[in-house]
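[1] Below are the sequence and a predicted model for it; my questions follow.
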Amino acid sequence: MISGIIVATIVVAGIGIAIGLILGLADMKLHVDVDEKEAAILEALPGSNCGGCGYPGCSGCATAIAKGEAAVNQCPVGGAPVAEVISGIMGVKAGKTRRMVAFVHCSGDCEQATQKYEYKGADDCRFQAQAPGGGSKTCGYGCLGGGSCVSVCQFDAIHVHNGVAMVDMEKCKACGKCVDICPRNLINLIPYESREVVACKSQDMGKYVNKYCKVGCIGCHICERDCPTGAIVVENNVASIDQDKCVHCDTCVSKCPKKAIAAI
């Protein structure tokens, strides 16, 4: 009986040794060298995995930066501080990092804009946009207030107030998820230092805008005409501001007869 136990012990030990050898050989065969720079970059990234960099999560971004396929300031969430750390890892200059934030180009809330009917359904703009008439709001370009943008924001930076989504510029990390999900393409990324922004995207003629929104752009060209730097252009009945030309003089804000240009 004792000899049986000894034999069993030897067999088990032999199997263990064999498995160990096989695993060791497999490790040697399948071993992938860890890129120290890539590991350091991944450690420096915020770990949000939001996809705002254009890559599949922070690991994808770290790999791209380490390979030189992405800029050291690729991460919008980390901003300049993270870019500085990564530039040190890569041994290059970080360059200028421009902070961007999301902005909702609509201020037609429940008090300013009219409704065709009372919507009853899922609180999701994508569903509301499929409702009769493209949603309950009379304006076919305005914010539906369903909160699709709110649901995808990882940073608690956007909320619906009185029927219109609004962005907290201090919390926003410019990941772009709200931009992608808005069915009416009302959200854009703008420079953080922006101070005057057209809060409307309606392309309807002014006589129609006047009927359904108190603060909608009517394409009157006053802002375009009076802008001292030529930063404003009116196209398709709606004004837009080139933030690189804007000097923040507030002329457009004071001159706009509909107050469609927001001072943020």
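    Ah, there it is. Residues are numbered from 1 along each chain as shown.
[2] Quick check: which ranges of this structure have low pLDDT?
    1-8, 11-13, 24-34 (pLDDT under 70).
[3] mind checking the end-to-end distance for stretch 163-173?
    23 Å (C-alpha to C-alpha, to the nearest Å).
[4] Helices of the stretch 1-150 of the chain, residue ranges please.
    Shown for the stretch 1-150 of the chain, the helices assigned by DSSP state H, counting those that start in this stretch span residues 2-30, 36-44, 57-66, 79-90, 125-128, 148-152.
[5] which residues touch the fourth one?
    In this case it means helix 79-90. Here helix 79-90 makes contact (C-beta atoms under 8 Å, 6 or more residues apart in numbering) with 37, 40-41, 44-46, 65-66, 72-73, 75, 93-95, 97, 99, 173. Any C-beta I mention is one placed from the backbone N, CA and C, and that applies to glycine too.
[6] what do you get for the second one?
    The list of residues contacting helix 36-44 from outside it, by C-beta under 8 Å, 6+ apart, reads 58-59, 61-63, 65-66, 78, 82, 85-86, 89-90.
[7] Tabulate the residues you listed in CSV, adding columns for neighbour count and distance to residue 202.
    Output for the contacts of helix 36-44, formatted as CSV (neighbours: other C-beta atoms under 10 Å; distance: C-beta to C-beta, whole Å):
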residue, neighbour count, distance to residue 202
58, 23, 38
59, 15, 42
61, 24, 37
62, 27, 42
63, 17, 43
65, 28, 41
66, 20, 45
78, 24, 36
82, 21, 38
85, 18, 43
86, 27, 42
89, 19, 47
90, 17, 45
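[8] out of these, which one sits closest to residue 224?
    Nearest to residue 224 among the contacts of helix 36-44, counting by C-beta to C-beta, is residue 78 at 37.4 Å.
[9] need the contact list for the closest residue to that closest one other than its chain neighbours.
    Nearest non-adjacent residue to residue 78, counting by C-beta to C-beta, 6 or more residues apart in numbering: residue 46, 5.1 Å away. Applying C-beta under 8 Å, 6+ apart to residue 46 gives the contacts 58, 75, 77, 78, 82.
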